[in-house]
Structures are given as structure tokens and as C-alpha cells.
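> Fold the stuff below for me.
(2 chains)
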Amino acid sequence: MATNKPENAKSLESWIWGAACSIRGAKDAPKYKDYILPLIFTKRLCDVFDDELNRIAAEVGSRRRAFALAKADQKLVRFYLPLVPEDPEQPVWSVIRKLADRIGEGVTTQMRAIARENPLLQGIIDRVDFNATTHGQRDLDDDRLSNLIEAISTKRLGLDDVEADIIGKSYEYLIRKFAEGGGQSAGEFYTPPEVGTIMSRVLAPEPGMEIYDPCCGSGGLLIKCEIAMEEAAKSEQPAPLKLYGQEYIADTWAMANMNLIIHDFEGEIEIGDTFKNPKFRRHGRLRTFDRVVANPMWNQNWFTEADYDNDELDRFPAGAGFPGKSSADWGWVQHMHASLNDKGRAAVVLDTGAASRGSGNAGTNKEKTVRQWFVDHDLIESVLYLPENLFYNTTAPGIVLFLNKAKPAPRRGKVFLVNASQVFEKGDPKNFIPAAGIAHIADTLIGWKEAEKLSRIVDHVELKKNDYNISPSRYIHTSDAETYRPLAEIVADLDAVEADAREADAALREILRKIGV
Amino acid sequence: MKKQASGVQRSAGDGKGIEGDSGDALGRHDPVPAGWSRVEFDSFTTLQRGKDLTKAQFREGAVPVAGSNGVIGYHDTAIAKAPGITVGRSGSAGKVTVYEEDFWPHNTSLYVRDFHGNDPYFAGFLLGTLNLARFKTGASVPTLDRNSFKTLPLVVPPLPEQKKIAHILSTVQRAIEAQERIIQTTTELKKALMHKLFTEGLRNEPQKQTEIGPIPESWEVLPLSDCAVVQTGIAKGRTVKEEEAVEVPYLRVANVQDGYLDLSEMKSITIRKSEKNRFALQNGDVVLTEGGDFDKLGRGFIWHGQVDNCVHQNHVFAVRPDTERISSEFFAYQSQSPYGKSYFLSVAHKTTNLACINTTKLKAFPLLLPPKDEQNEIVRACRGIDRKIGVAQSKMKQLRNLFHTLLHELMTAKTRVNELGF
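Numbers count the residues shown, from 1 in each chain, chains lettered A, B, ... in the order given. This is a model prediction of the structure:
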């Protein structure tokens, strides 16, 4: 069998995107993401299964016997695939590749067969009907599907070909490309990687910890936490994190599952509305975690006061529970707070307005009251103000709020604010934070390092004076607005210039006198 | 000669002086004044083409590289001694620049290789009067060939008189430059002072929080529309029936400058008689520009009824303050202060290098409203500094006139200074 090792992740990324574009070009690729993602995922499953079969075959003599053995004892392999090529020497994927007519139907059938054998994959790879039609017309006709399968077939994605982190990175890259092309809806499943990297580095998850994302989208933030932990870990093989996520949209939930499996990370992704029905519970109470991350959709307005008041899980404190109907941002913060254990820490992406709405108003404001509750209980460790035009569904800048249930003593009574609005580079279609900027922002947040025009430690007294406005832009001005020299300095300059002028005038007058004017 | 803080080179003329034969310098047909002599250009000053130096070859240093229009960068090696002169060769062809520091003449300029014992400063002034630009050739990038004016006849005084002439002219130039720097420094002072006045006020009061930031406690913030009427202007190019037409002068963007009105050229427009009042400017209106280049955004000043029956173009807004609450001058200064400008820029509709505000945005301008007597004090401070700039500007203008007259008188020997001792 030909091994086709990719030189590096970059080439795998461009190959994977190239394959995705084989349906109808780059412009339309995002529309077909629900076909492309499971198919590439299945290719990886097939090639890994091949590798495992070969390993078994080396012991038992032939692939034919290996197939039989794997079928008899499915525990021998990670995912047992009921795809058996006529010639057992052929790769498993050839079963799909050789489909000649009624391809859509064939692919769907095979995917469903795989799911039947693997409860972990149920609802994930068998949810898309490749044979689906709209008004008698195939959504993805056989010709195009065949092109896609051929494009995917050109590279082998087995264990020996690509490491889990590389295929995982490429899979993330593909999801990112879909997000870029997906416009408005993309924000629902994708958080820019820079933001995720900063959040996860600051949260500093330790080996074996339990991480939770109540609105996990495609799972990117959870994955970033695992990567940050592995990078920071001292040992070669740190105990992996346990990742928990819940996602409301079924397609996205499936994406998160595939994303986690392809990365080879440990995790559990539940489906459903976290706000009204959080799935992770223990003894009738909300289950708690070491770290919680999230980028909930901003300013959701579909929860009513009753949803807060009738909560059976004690997530919303009395008197400071309902943040107002127009935005559930602080409702999510409350849910995350309730999901933290005693030493837990959380990071959440929110609309910029969540940091300032209601402050400075004459009357009372529900959202401000909730914010005040968090300040007064000393739960807010820091707030990061992001550059604008970073997120896929909005050009608004957004903030990251960091919670800590056990702030170290020297940090109590204070909040660290970082205004990173200038730390970005222009990009198309979206701005991005360069690697050096990511490191700088993360280091600043971790070390509480104060810097001119970037960061400041603000104590609760000052926050109170500003009516609990915690927006970094309120306290740290980064504008390159003209700076003015001290007036005294300018006046001194002016005096010197005027003395020069008097001297020049006198010299001139003397000359004119001599000339006889 | 004293080095100038503003730079090591000075312009000796734009090269558009009057023709050598009949203007500021004496030429072929002029009689030779007593003691002066006829020479050809090349034996007075010999020019040489500068040396190429690409941007990549620039090495960090303090030696100015002399391009056709002045210093284009710095290098670590000089190949020409000070004082020296360059004449623009390609680009700003004919432009004469004097260098008072060793320099590197770039190949886009010519430089004087040999002064033949003449005074370099005098040579600089003389070359400036020769209008060398008239010798340039070539279509897309006109260049100056030094051979084309090698034999240009000149009449020049002996060295001692050259030195005296140069001394006199340099003294006037020094006085002009001093005024320039006064204007520059005072303008900086005005900006910094306005920034202070429109954020802290004059009373050293404690600050209070508002949606636009901290302001002194006794101040208010109100939308402009609460304290003033914004009148939009008239669009050009409408057809008006003859029987109801009336021609009136109208104020254009070009008339509205930063902090003053330039009414030197007023155009007129035909409007309906019935519209005269609707678009008329009234004494005390603050006229503001809608935009254009970034620097044209929201600039303006007060209309004092300088022209009767004047209306304004649609690209100029007229803001008519409710004088009970706010004086015209106070609003005018506030709008040109850093505070006002940054508001206009922040709300402007921006495209590359162009910005524009609309009436809605102008009406929403968050007006800083101090008590009336503090308003007046702020206006007095701003007005004082404006007056200082104005004085320096008119003084500079007079000095420039003096320079031109003296240049002419001295170069044509109408005024002789050979007998005078300096």
C-alpha cells in the first residue's frame, strides 16, 4: 500500500481545503460542510482501521483473518467498521470509493452501518442523507459527490501518515475556512483561534482536570484547553483533560463530536439547550468543573424572568438573578459560575456592552445589578477588551471575562483590565491577532502586568465610583489621539523663539538703518 | 551664518524668479555697475551632477542626502562640503537649496562643485533669481541639463560686496524663519491649550462622569440641537424660473478655512427669491464644512455678515446658536478644538482619505456647556492666542515683501552696499 506522508500540517491543511472545494469551488464549499466534514472524518476512521487491521494481520497471517477477528472481537480496535472490501488486501475506504452508481444512497448506507456498530458515532455520521433531495432534485448529485470522494481519496490519513494533532489541526482549519465563508451563521460554531488560545493559556488547565463548555459549538475552545495543557505540562505524557460540552444545534453538536474524536481527545458532548436544561448534573445538582470556557451567542433575548426565577439548580442568586430580557450574557456567566468547583476558574466571551450597560444610568438596571453582584463577591479576576472585527458574525470587538472562585489574596478587591483593542493586524475577511500579540496578551493577563495604554489594576473602590462599569476601554485609553506636550514646555519654547525673533529683528533694523531706509 | 533649528538647508528660491536678462539679476543687455563684472554661469559656479544612492544603500548617519526638492534621507558619508548649493535636476527642476552642513548630493540634483572664489551664500541667492527651471526639457519627468545654461551671462559684484549682500538677505530670511517658528509654536500651544480648556475648564473643578468622559462638575453635556439650529445649505445646479430668480453670493467649502474665513473669491448662485431667507447666513452663524479630505472635516468659523445677502452651499452647514445658552464664538472654538475634531472624525462616514458628516451627526454633537461666564473666559483665551498667531502671520508677510524688494534692489545694484560696513 502506498504511504503518502504529508510533509507538514500546512500541506495537509491546503490539501483538505482543496478536497472540500472539489464540490463546487471555494465559494460554495461552506454550504456543503455538513457533507464534507463527516466524509473526511470517515476517511480518517477507515485509514486508522486499516492500520489496526494490518497490525493484527502481522500477528495472524492475513488481512482476511484480521477482518474476521476484528468483527468477532470489536474491542481489538478503537472503532470497528463493518466495511469489508471484496479483496481483503484493498483498503477499507475502497468500499466507499468503488461505489459506481447510486453513490449518495451507497454512502448513506455505509455511514449508517458504521454508526450501528459504534454507539459513539450514532447521530454524528449517520445524520446526513447524501441522497437527500429538494423538490425531486438531489442536493448533492452523484457526479459532485464522486468528485469529493476522489479528492478525499488522494491522501492517506492513517496513524502512520498523520498524527492526531495534525489531522485535528487541519480539521479545525477546515472548520475555520467554513466559518470564514459562512458569514453570519459562522459565529455559532466557531470562535477565532487567537481568542481561544488566550483564554486557555490564562486558565492554565492542569493535567487530568475537568473542563466544561456549556455552549461548545464545534468544540474549539475545549480543544484549545487540551493543547494549552499539553504545551505547559512538564511531563512527556500528561494525563489528558476530560472535556465536557453541550451544544444546542444538532449539526454543530455532531461537528464537535467528530472534532474531538479526530483529535483523539477524551470528552463527552451532550446535545440540548444548556440554559433551560443543562445535561451535566450530579445528585440532582449542577455538576461542577475545574475550568469552564464558553463563547455563548451574544445578547440572547429569548429567556424570560420566569426562566430565571423558576430555576431548580440555584444558578441565579436572589435579587441579582435576572439580568433583563434583552441580553442573557450575564445569565450565561451565572450558569458558568454555578458550574465551577470551589477553586474553579472560567473564561467567557461576551459582548462589550455586558461590561458597561446600565452603568451611569440614573435608575436601577438589572444587568448592572448582576454585574455588581459579581464584583462585590470578588469573582471577577480580569477583563480583556478584544480588537474589533475578530469574530465571524460581527465586527463588534467583544470582551473576555475571567472568573476565579479563589482569587489569590493579593488580587482580592481588585480587577485587572486589559485593553487589547490595538493589538491586531488587518486581515481578510477578519482581523487577527499575530502570535507575538497572543503571547503578549496572555502573559499580561497571567502576570497582572500593568502597562501604559494596555493594562491596569483597578480596585473595587474605583469600579464602584464608576458605577460598576468594568469595561477596560473605560479605564485604559489606547487612542493614538494626539498627545500634547505640557503647556509649560511649549510656552518655554515660544519664549526662546521670540527671543530669536527679537534678535533677528534688531539685526535687520540695524542693516536697514545703514542702508538708509 | 547661524544654523537654523528647523533644518540645515534652506530654500533660496523656487527657481521661478524673473528672467536673468531683465529681472532680479543683471544680464546681457544691462550696463555693468561700477566695480561689477560680466561672467558666464560656468565660470561663476560650476555645477556637477549628484551621485546615485539607492534607498537600500542608505547607511545610518547624520549626513543629509540632497534630492531635487531638499533632504530625502540621511547617510553616513558626505561627498560635498558645506556651505553648498544644489539645483533640482529631475523632479523639482531648477529649485535652489543651500546646505550649511556637509551633504550627499543625490543624482536627482546638481550641485556646485566649484564656486571660483565667489561667496556661496551670495551664489545661492543669485541662482534663485535666475529661473533655471526655464531650461528644463523632457515631457513626463522634465530634467535640467547643466550644459544648457553653462554660458548664461551674469553680472556679479566683487567678493566683499557679495558677502554684504548675502549678509543682508540672510538677516531678513532669519527674521522670516523666526516668525514661522513663532506661528508653529503658537499653533501647537493653541491645540494643547484648547485640549486642556475643553476637558478641564478654567476653574480647577472636581470632575464628574458623563457618557463622553469626565468633565468639570458645573458643566453640562447636551446635544447641539438643544442649543442651536442647524441650517443646511443650497445645492448647486438647480434650474430656477427666470421670473423668480435672484442671484446671490454664496459661501463654498473653499471659503471656510480652519479658524478663519477666506472671502477673497466669492462665487454667486441663482436661487428663487422665496428661498433667500431660508438659505441666508446670519451674523453670528458658525459655518462648518461637511467634509472632504480629513483636514476639511468640520472646520469653520463665525460668519460676521461680511457679505450682504450671502447664502451657503449644501456642503457647508450653518449653526445658529441659541445665544442665551451658548455664544457663537464658544461653539466655534469648541468645534475646532481637539474635542470637537475627534467627535467629527469618530462619527464621520469615512472612505479612503475622505470623511463626511451629516446633519444628524452634527445635531447630535455632544456640546460641552460650561456656565456662561466660563464660556467667555475660554473664548478670551482662545481669541488671545489667535490674535498672537495673526500678528506673527502678518509680520511674516511684511518680511517676505521686504525680502523680495531687497533681493531685487541689491541684485540689480539699485541699492549699493559696497561702501557700508557691517
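> Poorly predicted segments of the stretch 201-350 of chain B, please.
For the stretch 201-350 of chain B, applying pLDDT under 70 flags the ranges B:350.
> residue boundaries of the strands in it?
For the stretch 201-350 of chain B, the strands defined by DSSP state E, counting those that start in this stretch occupy B:207-210, B:213-216, B:220-223, B:228-231, B:245-251, B:256-257, B:260-261, B:267-272, B:286-289, B:291-293, B:300-302, B:311-312, B:316-321, B:349-351.
> Neighbouring strands of the first one in the sheet, and parallel or not?
Sheet pairing for strand B:207-210, assigned by DSSP bridges, gives strand B:213-216 (antiparallel).
> what's the answer for the fourth one, then?
With DSSP bridges as the criterion, the sheet partners recorded for strand B:228-231 are strand B:316-321 (antiparallel).
> For the strand it pairs with, which residues meet the burial criterion?
B:316-321 (16 or more other Cβ atoms under 10 Å in any protein chain shown). All C-beta atoms are positioned from the backbone trio N, CA, C, and that covers glycine.
> Out of those residues, the closest to B:Gly340 would be?
Using Cβ to Cβ, B:Val319 comes nearest to B:Gly340 of the buried residues of strand B:316-321, at 11.4 Å.
> and the closest residue to A:Thr191 other than its chain neighbours, what is it in contact with?
Nearest non-adjacent residue to A:Thr191, counting by Cβ to Cβ, 6 or more residues apart in numbering or on different chains: A:Asn295, 4.4 Å away. Counting by Cβ atoms under 8 Å, 6 or more residues apart in numbering or on different chains, A:Asn295 makes contact with A:191, A:195, A:215, A:217, A:221, A:348-349.
> same thing but at 7 Å, please
A:191, A:215, A:221, A:349 (Cβ atoms under 7 Å, 6 or more residues apart in numbering or on different chains).
> How about A:Arg285?
Per Cβ under 7 Å, 6+ apart, neighbours of A:Arg285: A:Leu313.
> mind running it again at 6 Å?
Under the criterion of Cβ atoms under 6 Å, 6 or more residues apart in numbering or on different chains, A:Arg285 has no contact partners.
> how about the strands of the stretch 201-350 of chain B in CSV, adding distance to A:Glu498?
Listed next are those as CSV, based on distance: least, Cβ to Cβ, whole Å:
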stretch, distance to A:Glu498
strand B:207-210, 34
strand B:213-216, 32
strand B:220-223, 38
strand B:228-231, 38
strand B:245-251, 36
strand B:256-257, 25
strand B:260-261, 23
strand B:267-272, 40
strand B:286-289, 32
strand B:291-293, 33
strand B:300-302, 26
strand B:311-312, 39
strand B:316-321, 35
strand B:349-351, 39
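> okay, now residue 288: neighbour count?
Just going to use chain A. Taking other Cβ atoms under 10 Å in any protein chain shown as the criterion, the count of residues near A:Thr288 is 17.
> nope, chain B
When neighbours are counted by other Cβ under 10 Å, B:Leu288 comes out with 26.
> ok, the residue nearest to it when sequence neighbours are not counted to B:Gln257 distance?
Counting by Cβ to Cβ, 6+ apart, B:Gly300 is the residue found nearest to B:Leu288 once chain neighbours are left out, at 3.9 Å. Per Cβ to Cβ, to the nearest Å, B:Gly300 is found 8 Å from B:Gln257.
> Same question for B:Pro120.
39 Å.
> And these two? Which one has more around it.
Neighbour tally, B:Pro120 and B:Gln257, criterion other Cβ under 10 Å: the higher count belongs to B:Pro120, 20 against 14.
> residues from chain B in reach of chain A?
B:168, B:171, B:174-175, B:178, B:181-182, B:185, B:188-189, B:192, B:195, B:420 (Cβ under 6 Å from any Cβ of the partner chain).
> and if we set it to 7 Å?
B:168, B:171-172, B:174-175, B:178-179, B:181-182, B:185-186, B:188-189, B:191-193, B:195-196, B:209, B:211, B:338, B:342, B:415, B:417, B:420 (Cβ under 7 Å from any Cβ of the partner chain).
> Mind listing what's buried along stretch A:467-485?
So for stretch A:467-485, counting by 16+ other Cβ under 10 Å, buried means A:467-476, A:478, A:484.
> do stretch A:454-470 as well
A:454-456, A:458, A:460, A:463, A:466-470.
> Just give me the longest strand of chain A.
In chain A, assigned by DSSP state E, the strand with the most residues is strand A:340-350.
> so which two of the buried residues of stretch A:454-470 are the farthest from each other?
So, the buried residues of stretch A:454-470 by Cβ to Cβ: farthest apart are A:Leu454 and A:Asp467, at 23.9 Å.
> Show me what from the stretch 201-350 of chain A comes close to chain B.
Counting by Cβ under 7 Å from any Cβ, no residue of the stretch 201-350 of chain A is near chain B.
> Let me see the ranges of the strands in the stretch 201-350 of chain A.
A:210-213, A:242-247, A:267-271, A:281-282, A:285-286, A:289-294, A:340-350.
> Make CSV out of those strands and add mean pLDDT.
Listed next are the strands of the stretch 201-350 of chain A as CSV, based on pLDDT from 0 to 100:
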stretch, mean pLDDT
strand A:210-213, 97
strand A:242-247, 96
strand A:267-271, 94
strand A:281-282, 93
strand A:285-286, 92
strand A:289-294, 97
strand A:340-350, 96
